[in-house]
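Peer 1: pasting the sequence and the predicted coordinates here, then a few questions.
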Amino acid sequence: MTQISTSSFAASPATPPPAAWYPDPSGKYTHRYWDGQDWTEHVATEGRQDVDPVGRASTGKEEVKEEAEEAKEEGATPAATTSVPAATTSQPAATSVSTPELFDELDIPRFGARAKARELAVEVNALRVERDQLHAERQRFAKLGVVDVAELEVRRTALTGEVAELDQELARGRATVSAELEQRRSTAARELETELASTTKKRDDLTFRLAELQEKVVDTEELAILQEVGVYEYRHPLTDAVAYQAELKRIQDGIKAMARKDGGAVLANDDWNVNGSRTQGRTMIRDYSKLILRAYNAEADNLVRGMKPYKLETSIERLLKVATTIEKLGKTMDIRVAPAYQDQRVTELELTADYLEKKAEEKEREREEKARLREERKAQQEMERERARLEKERQHHANALHALVARGDEEAAARLREQLADVDRKIEDVDYRAANIRAGYVYVISNLGSFGENVVKVGLTRRLDPQDRVRELGDASVPFKFDVHAILFSQDAVELETKLHQRLADRRMNLVNRRREFFRATPQEVKALLIELEAEVLEYDELAAAVEYRQSVTTVPSGAKGARLY
């Protein structure tokens, strides 16, 4: 608050009051303080500053008018005729002029026209207030002009940037919407194309299915005809044989074609009359032919289903006998199975037997291959264990040699060096055997109690200890153990075994499965072949010990006097 002295308010009416202090519009005090927005409670009277206890603030134009009207009615001049500062300005309006001064200024007589003078004074005062308000308003707008233009320019620039960003965002949105719509259109088009393709495919499938069903109607009729003569669809042994499927289909189609009505599977003389009717005679011949063909096909199908490779000749002979029997029984009406139809059924038997034989051979090869792999795996495991054992033994020798050298015992060290060298040679031999799959042992063994005299087995093993293989062969599958005549190590044991088998080929016991290595030969004959092949035969025992067999022959079980085991 601005401090004012008493002398400040004691000045003459022509002297302006201090800044921001103006005549009190309420008339209660001499002056009141204007803070730039409103009248405050700070007042001054007779040069002294005080605070209005009521705290009355700005009175405004309405209070001035009310006080003027009250003064008019009383016939006196208002206590204060000053104007109220404008509420919209930052400074109060200029001080209004008192009525006497106004009379002097307007040259109005003091007597006779008081009412008119008062009205003119109020009007002049109001115009001056309006003028000051307009002046203050113009100053405010002049002051705001520079600032507002700059602010508006900044704002215009910012709004221009925002508009540009919104335009870009709008363009991006339009592009996104356009791309999305295009993608949806493409997706919808693809879906429609897919649905159309699916519908077309379903239509084609249904058309194909209809054609199949129409064919099956005919096939069903034909199937019923075939079943009448005993031709049934069953799981043929050659169904899963890919190499035989084409030939099997050709044979089955031929059988079905001949078994149909008037197909020629059965030959008969239809020049028969029954009860004087030729038609009834032909019907009787036809029914009897179906019965004959049904019996023949049943026998042929049973032979196919129960076929074994070794039963082929017996099966063919049995089928021919069935045809002969039918011909004898139908001799009166000259009914017989057609030779062409019988050839078809015989060919089916031969094809089935050939397939079963090859299947058996394949299974046997698989068993032999599995056995060979097991033998190879065992040999490999033995070599690995032997090499680990030799490596451990070599490490022990090396440690002992190091200790002896440290003590200075050269004699013992020399012996250990020889042992160490021997271990190294064994390791090299194991490594060679593991790397060279053709190296191994060829053995010649026999089993007098199981196979009789003059029967030997010539085989090959890559085991480190070939006796392990001999003991496996003499397990519970045979009544007695095998006797060993010779075991020869060869760098190419495979070649040596093959040459021995070739020399003994005419004495092979199993002529079907050549992997069964049993031959009708004496141990002496095999020894002669080995010498002929220049094999390194160091030991050869021509006589089979057959200890268990010989003891069993001479032993008489309790409760069986005089009985022999063999």
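Peer 2: Happy to help now that I have it. Numbering: from 1, shown residues only.

Peer 1: can you map out the helices along the stretch 301-450 of the chain?
Peer 2: Here the stretch 301-450 of the chain has its helices, by DSSP state H, counting those that start in this stretch, at 312-329, 339-407, 410-435, 448-451.

Peer 1: mean confidence score for the first one?
Peer 2: Here the mean pLDDT over helix 312-329 is 88, rounded to a whole number.

Peer 1: quick check: Glu357 vs Asn513, distance?
Peer 2: Applying Cβ to Cβ, to the nearest Å, the value for Glu357 to Asn513 is 11 Å. For the C-beta atoms, the positions are set from N, CA and C on the backbone; glycine is no exception.

Peer 1: so which of the helices of the stretch 301-450 of the chain gets nearest Asp50?
Peer 2: helix 339-407 (121.0 Å; Cβ to Cβ).

Peer 1: for the closest one, name the packing helices and strands.
Peer 2: When contacts are defined as 3 or more Cβ pairs under 8 Å, 6 or more residues apart in numbering; DSSP states H and E, helix 339-407 sits against helix 242-259, helix 278-305, helix 312-329, helix 410-435, helix 466-473.

Peer 1: how about low-confidence regions in this structure?
Peer 2: Scanning the chain for pLDDT under 70 picks out the ranges 1-19, 53-117, 141-150, 214-243, 261-263, 434-436, 556-566.

Peer 1: quick one, the top helix by length along it and helix 242-259 angle?
Peer 2: Secondary structure assigned by DSSP state H gives helix 114-228 as the longest helix of the chain. Relative orientation of helix 114-228 versus helix 242-259 (axes from the mean of the first three to the mean of the last three Cα atoms, to 10 degrees): 70 degrees.

Peer 1: report all helices and strands that helix 114-228 contacts.
Peer 2: Using 3+ Cβ pairs under 8 Å, 6+ apart: helix 114-228 touches helix 60-74, helix 99-106, helix 242-259.

Peer 1: between the last one and helix 339-407, how many degrees?
Peer 2: Between the direction of helix 242-259 and that of helix 339-407, the angle (the same axes, to 10 degrees) works out to 170 degrees.

Peer 1: numbering from 258 from now on, please.
Peer 2: Sure thing, new numbering starts at 258, so read that last one as helix 499-516.

Peer 1: helix 499-516: which residues count as buried?
Peer 2: Judged by neighbour count using 16 or more other Cβ atoms under 10 Å, the buried positions of helix 499-516 are 501, 504-505, 508-509, 511-513, 515-516.

Peer 1: so the residue nearest to Leu717 when sequence neighbours are not counted: helix, strand or coil?
Peer 2: Once flanking residues are discounted, Leu717 sits nearest to Glu754: 4.5 Å by Cβ to Cβ, 6 or more residues apart in numbering. What DSSP: H, G, I helix; E, B strand; the rest coil gives for Glu754 is helix.

Peer 1: ok, Glu754 to Arg695 distance?
Peer 2: Glu754 is 10 Å from Arg695, by Cβ to Cβ.

Peer 1: more neighbours, these two?
Peer 2: Glu754 (20 against 13; other Cβ atoms under 10 Å).

Peer 1: now Ala670: how far from Leu677?
Peer 2: Relative to Leu677, and taking Cβ to Cβ, Ala670 is found at 10 Å.

Peer 1: find residues that contact each of those two.
Peer 2: Leu658 (Cβ atoms under 8 Å, 6 or more residues apart in numbering).

Peer 1: burial of Val680, as a residue count?
Peer 2: When neighbours are counted by other Cβ under 10 Å, Val680 comes out with 20.

Peer 1: doesn't Val300 belong to a strand?
Peer 2: Yes - counting by three-state DSSP, Val300 is found in a strand.

Peer 1: report the contact partners of it.
Peer 2: 281, 285-290, 306-309.

Peer 1: list just the nearest of the residues you listed to Glu408.
Peer 2: Tyr290 (32.7 Å).

Peer 1: strands paired with the helix or strand that the closest one is a member of, and their directions?
Peer 2: Using DSSP states H and E, the element containing Tyr290 is strand 288-291. If you go by DSSP bridges, strand 288-291 pairs up with strand 278-280 (antiparallel), strand 296-302 (antiparallel).

Peer 1: if we take the buried residues of helix 499-516, which one ends up nearest to Lys565?
Peer 2: Nearest to Lys565 among these, with distances taken as Cβ to Cβ, is Tyr501, at 16.7 Å.

Peer 1: pretty sure the closest one is touching Ala610, no?
Peer 2: No - using Cβ atoms under 8 Å, Tyr501 makes no contact with Ala610, being 11.4 Å away.

Peer 1: what's the neighbour count on the closest residue to Glu799 other than its chain neighbours?
Peer 2: Distances taken as Cβ to Cβ, 6+ apart put Pro780 closest to Glu799, at 4.9 Å, once the chain neighbours are dropped. Using other Cβ under 10 Å, Pro780 has 20 neighbouring residues.

Peer 1: got a markdown table for the helices of the stretch 558-707 of the chain, with distance to Phe776 too?
Peer 2: Below are the helices of the stretch 558-707 of the chain laid out as a markdown table (distance: least, Cβ to Cβ, whole Å):
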| stretch | distance to Phe776 |
| --- | --- |
| helix 569-586 | 27 |
| helix 596-664 | 17 |
| helix 667-692 | 27 |
| helix 705-708 | 11 |
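
Peer 1: buried deepest among those, which one?
Peer 2: Highest mean neighbour count of the helices of the stretch 558-707 of the chain: helix 705-708, a mean of 18 (counted as mean count of other Cβ atoms under 10 Å).

Peer 1: tell me the first helix or strand C-terminal of that helix.
Peer 2: Assigned by DSSP H and E, the successor of helix 705-708 is strand 713-718.

Peer 1: element containing the spatially closest residue to Glu796 that is not a sequence neighbour, please.
Peer 2: Distance criterion Cβ to Cβ, 6+ apart; nearest residue to Glu796, sequence neighbours excluded, is Ala743 at 6.6 Å. In the assignment (DSSP H and E), Ala743 maps to strand 740-747.

Peer 1: so what strands line up beside that strand?
Peer 2: Assessed with DSSP bridges, strand 740-747 is paired to strand 697-703 (antiparallel).

Peer 1: dump the strand it pairs with to CSV, restricted to CA.
Peer 2: Provided in CSV are the C-alpha atoms of strand 697-703 (Å, rounded to 0.1, in the frame of the first residue of the first chain):
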residue,chain,number,x,y,z
GLY,A,697,39.5,-113.5,-38.8
TYR,A,698,39.4,-117.3,-38.0
VAL,A,699,38.2,-120.1,-40.2
TYR,A,700,37.0,-123.1,-38.2
VAL,A,701,36.3,-126.7,-39.0
ILE,A,702,34.0,-128.4,-36.5
SER,A,703,31.7,-131.4,-36.2
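
Peer 1: ok, and what's touching stretch 562-577?
Peer 2: 491, 494, 556-557, 560, 599, 602-603, 606-607, 609-611, 613-614, 617.

Peer 1: now do 6 Å
Peer 2: Stretch 562-577 is contacted by residues 557, 560, 603, 606, 609-610, 613-614 when judged by Cβ atoms under 6 Å, 6 or more residues apart in numbering.

Peer 1: list the buried ones in the strand holding Ala743?
Peer 2: 740-745, 747.

Peer 1: save these as TSV, and put in distance to Leu438 too.
Peer 2: Below are these laid out as TSV (distance: Cβ to Cβ, whole Å):
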residue	distance to Leu438
Asp740	94
Val741	92
His742	94
Ala743	93
Ile744	89
Leu745	89
Ser747	85
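
Peer 1: for the residue nearest to Glu796, give its distance to Ala610.
Peer 2: Taken as Cβ to Cβ, the span from Ala743 to Ala610 is 41 Å.

Peer 1: swap in Arg442?
Peer 2: For Arg442 relative to Ala610 (Cβ to Cβ), the value is 68 Å.

Peer 1: again, but for Gln390
Peer 2: Gln390 is 132 Å from Ala610, by Cβ to Cβ.
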